[in-house]
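Chemist: Need a 3D model of the following:
(chains A and B)
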Amino acid sequence: MAGTTLSATEAIERRLRGGVTDWRSWIVEGALLLSLLIALGVLLVLLADIAVTAAPVFGERAVDFMTSPLSARPEGAGLVQGLIGSLLITLIVAVVALPIGIGAAIYLEEYARDTALNRFIRTNIRNLAGVPAIVYGLLGLAVFVTVLGMGRILLAGGLTLAVLVLPIVVITTSEALVAVPESIREAALGVGATRWETIRSHVLPYAAPGIFTGTILSLARAFGETAPLLLVGAIAGTFSASGGPIDQVTSRYTTLPTIIFHWAGYPQDEFRALGAAAIAVLLGLILLVNGAAIFLRNRYDRKW
Amino acid sequence: MTATDPLVPPPLAAVDLRIAPARRRREAIVRTLFLAAAALSIVISGGIILTLIGNALGFVLQVDPSALWTNGWFPRRGMYDVPTIVTGTLVISVIAMVVAAPLGIGAAIYLSEYAGSRARKALKPIIEILAAIPSVVLGFFAISFISPALVQTLFPGTPLFNLLSAGIAVGILITPLVASIAEDAMHAVPAYLREAAYGLGARRRTTSIRVVVPAAVSGIVAALILGVSRAIGETMIVAMAAGATGGSLFNLNPLDQGQTMTAAMTALAIGSDQVRGAELTFESLYFVGMLLFFFTFGLNLLSDAFVRRVRRGY
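Modeler: Numbering: from 1, shown residues only, chains lettered A, B, ... in the order given. Here you go, the predicted structure:
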């Protein structure tokens, strides 16, 4: 039954098209689909290339590779300092950029009236989000390393990336706040809540999934960022960092992406393999965290 | 504020409706804190502009003007040829856009106009994930795959480090960005325009290309401009794959090594210990940074203007 209906429809469609197959439409659709497939296929090629190059490292010394410090000898070099450095930097970014960024977004979306100052702040934040990462490195070098006299320590790197990520946190948080309908706010304001009480009890709970995803994505961005850290002193030569977290924060440091950058530049093939293995670790962490955040957002995406 | 006895509400005076001083105070404090957080962005912008201009001015005043227009970019030898690094950046951006514009817009049209809603829901997050790949990873990919397997096979005799491989990798990096913004723009085109086209008997191809794309053109152009801006500011891929870390002659050939503004900056930064020896090389870092800042700033403003045209459209 269904089959005959379908063929009847097809027959009518065919007659409407004058009995010819529409090759041009096929070509256009094919070309569009092809561009989508290429864009996605590159990801597969990239992952395959990394996996193949990295396989020997994980096959021979998976644990040793994760727990060894940097070394000029490829058979002994490992990631541990980069992992610690990257995690500490991401932590600093989270502590500094998230409260400020979310606060700024709350001001702009919940408090700010349409004044010249507020419009200027809004435009300014959008522009800051478009400033190339390496320019933030220059800012960090001038302000944190030189003027504040911190030197090339981990804290300076963390603060630099916090400044870099701040506008992104503001923008994603703003989007999440705007998506909460006005009626929710009016419900709270109507029973006499103040602005802040309304925000805390009504707006933030509904905006939380969006804010959460946005902040995760921006922290992942900080985790994978390299260029500004090269300017504020992430190093890849061998160095010994020991002591508690406080000592680590105020000493020389390296990060996972910085290590990848330097290993990729060494002439030996062994370091090429180590670089691929380090990328596998970096991509694994970033894709896992981002994938989870995006999945959760789509899952809890609320249609009002 | 609530009445204790719901049946007999006490008479209300204006005083009762006034907010308690403690709540009012907390409200004011919270508001001020949030305002301070928002105003911090102005401080950051001011900081960027001041450090860039201040240090770059120091460089421009001290450097011999003829050194800014010579035979190449060799900061250690006092040669700061601006055309060299600007053309390097342009070559990279053009290659990147040749890759990213058709792929990104094609993928966007397919996602917005052809893909079913389930396919779209599955594919959009994948594009977002693609956009999150750090640029060091693509820099590595450029020298481990794109250059040896693609560029050197097509053009034998090409050095491993060349502008073409770096440009392709930058193109791959910005494709998801272009696709995502262009898709948003096309998705925002109201359905009645499509329905009108179909009602006139237009094919899907005609509707997509003659109706939806022109209606979303401001957003698509904005996506492309933002892509160019990102390509100009992209650092790691170029620093890893374009070669010429020691300096470069003026070069327009994409199959050769070349220097961009961003790669010149990392080269200066990595050799920072030597940099401190020469007086001006350190300041030249800020000079290049300022050039980069104004290039991307201009492009971002332009893209913003196009986006605003979209919003006014419907």
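Chemist: Grab the most central residue of chain A for me.
Modeler: Central residue of chain A (Cα atoms, centre = their mean): A:Arg221, 2.9 Å from the mean position.
Chemist: from what I can see that residue touches A:Leu166, true?
Modeler: No. Counting by Cβ atoms under 8 Å, A:Arg221 sits too far from A:Leu166 to count as a contact (11.4 Å). Quick note: C-beta positions are derived from backbone N, CA and C, even for glycine.
Chemist: any idea of the pLDDT on the residue in the stretch 51-200 of chain A positioned nearest to chain B?
Modeler: Nearest to chain B in the stretch 51-200 of chain A, going by Cβ to the nearest Cβ, is A:Pro132, at a distance of 2.7 Å. What the model reports as pLDDT for A:Pro132 is 95.
Chemist: Any idea how many residues pack against it?
Modeler: Neighbourhood size, A:Pro132 [other Cβ atoms under 10 Å in any protein chain shown]: 26.
Chemist: which phi and psi does it have?
Modeler: A:Pro132 adopts backbone torsions of phi -60, psi 140, taken as degrees, to the nearest 10.
Chemist: give the contact list for it.
Modeler: Contacts were defined as Cβ atoms under 8 Å, 6 or more residues apart in numbering or on different chains; by that measure A:Pro132 touches B:Ile232, B:Gly233, B:Glu234, B:Thr235, B:Thr262, B:Leu292, B:Phe293, B:Thr296.
Chemist: again, only using 10 Å
Modeler: Going by Cβ atoms under 10 Å, 6 or more residues apart in numbering or on different chains, A:Pro132 touches A:138, A:164, A:227-228, B:229-230, B:232-235, B:261-262, B:265, B:289, B:292-293, B:295-297.
Chemist: Just give the closest residue to A:Glu197, not the sequence neighbours.
Modeler: Spatial nearest neighbour of A:Glu197, excluding adjacent residues (Cβ to Cβ, 6 or more residues apart in numbering or on different chains): A:Ala188 at 6.9 Å.
Chemist: Okay, now the unreliable bits of chain B?
Modeler: Scanning chain B for pLDDT under 70 picks out B:1-5, B:271-279, B:310-314.
Chemist: other SSEs contacting the longest helix along it?
Modeler: For chain B, the longest helix by residue count, based on DSSP state H, is helix B:21-62. With contacts taken as 3 or more Cβ pairs under 10 Å, 6 or more residues apart in numbering or on different chains; DSSP states H and E, helix B:21-62 sits against helix A:80-106, helix A:116-129, helix A:133-140, helix A:154-178, helix A:195-198, helix B:280-313.
Chemist: Columns mean neighbour count and distance to A:Ala48 on top of those, output as TSV?
Modeler: Shown next, in TSV, are the helices and strands packed on helix B:21-62 (neighbours: other Cβ atoms under 10 Å in any protein chain shown; distance: least, Cβ to Cβ, whole Å):
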stretch	mean neighbour count	distance to A:Ala48
helix A:80-106	22	24
helix A:116-129	17	33
helix A:133-140	27	28
helix A:154-178	25	30
helix A:195-198	19	51
helix B:280-313	19	33
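Chemist: So which of the ones you listed is nearest B:Ala38?
Modeler: Closest approach to B:Ala38 among those (Cβ to Cβ): helix A:80-106, 4.0 Å.
Chemist: The closest one: how far from the chain's middle?
Modeler: Put simply, helix A:80-106 sits 12 Å off its chain's centre (Cα atoms, centre = their mean, to the nearest Å).
Chemist: So for that helix, mean pLDDT?
Modeler: The model assigns helix A:80-106 a mean pLDDT of 95.
Chemist: Please work out how many residues are found near B:Val94.
Modeler: 15.
Chemist: Please disregard the earlier target; I meant A:Gly30.
Modeler: Neighbours of A:Gly30 using other Cβ under 10 Å come to 10.
Chemist: Also B:Leu12?
Modeler: Counted with other Cβ under 10 Å, the neighbours of B:Leu12 add up to 10.
Chemist: sec struct for it, please.
Modeler: Assigned with DSSP: H, G, I helix; E, B strand; the rest coil, B:Leu12 falls in the coil class.
Chemist: And it, how close does it get to chain A?
Modeler: 12 Å (Cβ to the nearest Cβ, to the nearest Å).
Chemist: Could you chop chain B up by domain?
Modeler: B:28-62, B:65-313 (automatic domain parsing).
Chemist: of all the ones you listed, which gets the most neighbours per residue?
Modeler: By mean neighbour count, with neighbours taken as mean count of other Cβ atoms under 10 Å in any protein chain shown, domain B:65-313 ranks first of the domains of chain B at a mean of 21.
Chemist: so what's the closest residue to the residue of the stretch 51-200 of chain A closest to chain B other than its chain neighbours up against?
Modeler: Of all residues not flanking A:Pro132 in the chain, B:Gly233 sits nearest, at 2.7 Å (Cβ to Cβ, 6+ apart). Under the criterion of Cβ under 10 Å, 6+ apart, the neighbours of B:Gly233 are A:130-135, A:227, B:89, B:93, B:260-262, B:292-293, B:295-296, B:299-300.
Chemist: Would you tell me whether stretch B:86-102 gets close to chain A?
Modeler: Yes. Using Cβ under 10 Å from any Cβ of the partner chain, stretch B:86-102 comes into contact with chain A via B:Val99, B:Ala100, B:Pro102.
Chemist: Same list, the domains of chain B, but as JSON lines with distance to A:Tyr107 please.
Modeler: As requested, these are exported to JSON lines (distance: least, Cβ to Cβ, whole Å):
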{"stretch": "domain B:28-62", "distance to A:Tyr107": "4"}
{"stretch": "domain B:65-313", "distance to A:Tyr107": "21"}
